[in-house]
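> mind folding the following:
(2 chains)
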Amino acid sequence: DTEVTQTPKHLVMGMTNKKSLKCEQHMGHRAMYWYKQKAKKPPELMFVYSYEKLSINESVPSRFSPECPNSSLLNLHLHALQPEDSALYLCASSKLAGEGETQYFGPGTRLLVL
Amino acid sequence: AQSVAQPEDQVNVAEGNPLTVKCTYSVSGNPYLFWYVQYPNRGLQFLLKYITGDNLVKGSYGFEAEFNKSQTSFHLKKPSALVSDSALYFCAVNGYTGGFKTIFGAGTRLFVKA
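Residues are numbered from 1 along each chain as shown, chains lettered A, B, ... in the order given. Here you go, the predicted model:
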């Protein structure tokens, strides 16, 4: 199984809402990632988890809160978002967080903040 | 610092003709280079990567890429394009910059005309 799943596929939320994005993989990978992608732009790294511990936070605003409850799951908790946060949020995983590691991406959650 | 450049926003090619999507890179240390493809409303899919060894790397769906150290390039190629190859292609470099990260190029949109 080389699949990364993400739920929900689409999400519309107001600026005062709290919501969560979920990502799951069953490939035994020990590194998981959150990326943000605007239309026709490359993915921008947000967070990296290695062995369930946060290893990289790319100076992401605190209204985005990641969580890695176990080696298969990755969540992104959203609170008080801004309209400019509307984007495609991609989850990815790799065997390890190291050089030359191939990342496997989920289909993404398309988020619209009103 | 690591970076990749994709000099073409868009490449147009007729079905059955060879295609090339260009990528140049800048890294300190050994280059770990990747090509990913993104179809509309989908996540990124891994095509191929260069770690070490043979300069010609073969990947998925008939794609290949040539690593050229002297020109710091990693161009993606396919001998005969298909309409279904039309998508957004990202070149990426992976390495250590305050943590292991993958940096993506701006992307090149490939249009294959029937």
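
> who does residue 33 bridge with?
Just so you know, I chose chain A. Following DSSP bridges, A:Tyr33 is listed with bridge partners A:Val48, A:Ala92.

> look at chain B instead
Following DSSP bridges, B:Leu33 is listed with bridge partners B:Tyr50, B:Val93.

> now the strands for chain A?
All strands of chain A, identified by DSSP state E, fall at A:4-7, A:10-13, A:18-25, A:31-37, A:44-50, A:53-57, A:64-70, A:73-79, A:87-94, A:104-105, A:109-113.

> who's in contact with the host helix or strand of B:Phe46?
B:Phe46 is located in strand B:44-50, with elements delineated by DSSP states H and E. When contacts are defined by Cβ atoms under 8 Å, 6 or more residues apart in numbering or on different chains, strand B:44-50 is touched by residues A:43, A:90, A:92, A:100, A:102-105, B:31-39, B:57-61, B:63-65, B:67, B:74, B:76, B:89-90. For glycine as for every other residue, the C-beta is placed from the backbone atoms N, C-alpha and C.

> do the same with stretch A:59-75
When contacts are taken as Cβ under 8 Å, 6+ apart, the neighbours of stretch A:59-75 outside the stretch itself are A:20-26, A:28-30, A:32, A:34, A:46-47, A:49, A:51-54, A:76-82, A:85, A:91, A:93.

> what is the least confident helix or strand in chain B?
Of all regular secondary-structure elements in chain B, judged by mean pLDDT, DSSP states H and E, the least confident is strand B:100-104 with a mean of 89.

> check which helices and strands that one sits against.
For strand B:100-104, the elements it packs on are strand A:44-50, strand B:3-5, strand B:87-96, judged by 3 or more Cβ pairs under 8 Å, 6 or more residues apart in numbering or on different chains; DSSP states H and E.

> can you tell me which of the ones you listed is most buried?
When you average the neighbours per residue for each of the helices and strands packed on strand B:100-104 (mean count of other Cβ atoms under 10 Å in any protein chain shown), strand B:87-96 leads with a mean of 22.

> show me what that strand is in contact with.
Residues beyond strand B:87-96 that count as contacts (Cβ under 8 Å, 6+ apart) turn out to be A:40, A:42-43, A:99-101, B:2-4, B:6, B:21, B:23, B:25, B:27, B:29-40, B:44, B:47, B:74, B:76, B:100-105, B:107-110.

> what is the end-to-end distance of stretch B:69-87?
End-to-end distance of stretch B:69-87 (Cα to Cα, to the nearest Å): 27 Å.

> which of the residues in it are buried?
Going by neighbour count (16 or more other Cβ atoms under 10 Å in any protein chain shown), the buried part of stretch B:69-87 is B:Thr72, B:Ser73, B:Phe74, B:His75, B:Leu76, B:Lys78, B:Ala81, B:Asp85, B:Ser86, B:Ala87.

> closest to chain A among those?
B:Ala87 (12.4 Å; Cβ to the nearest Cβ).

> what is the least confident helix or strand in chain A?
In chain A, no helix or strand scores lower on mean pLDDT, DSSP H and E than strand A:53-57, which sits at a mean of 92.

> elements contacting that strand?
Short answer (3+ Cβ pairs under 8 Å, 6+ apart): strand A:53-57 packs on strand A:44-50, strand A:64-70.

> for the residue of chain B most remote from its centre, which three-state class applies?
Relative to the centre of chain B, the most outlying C-alpha is that of B:Gly98, 24.1 Å out, by Cα atoms, centre = their mean. Secondary structure for B:Gly98, judged by DSSP: H, G, I helix; E, B strand; the rest coil, is coil.
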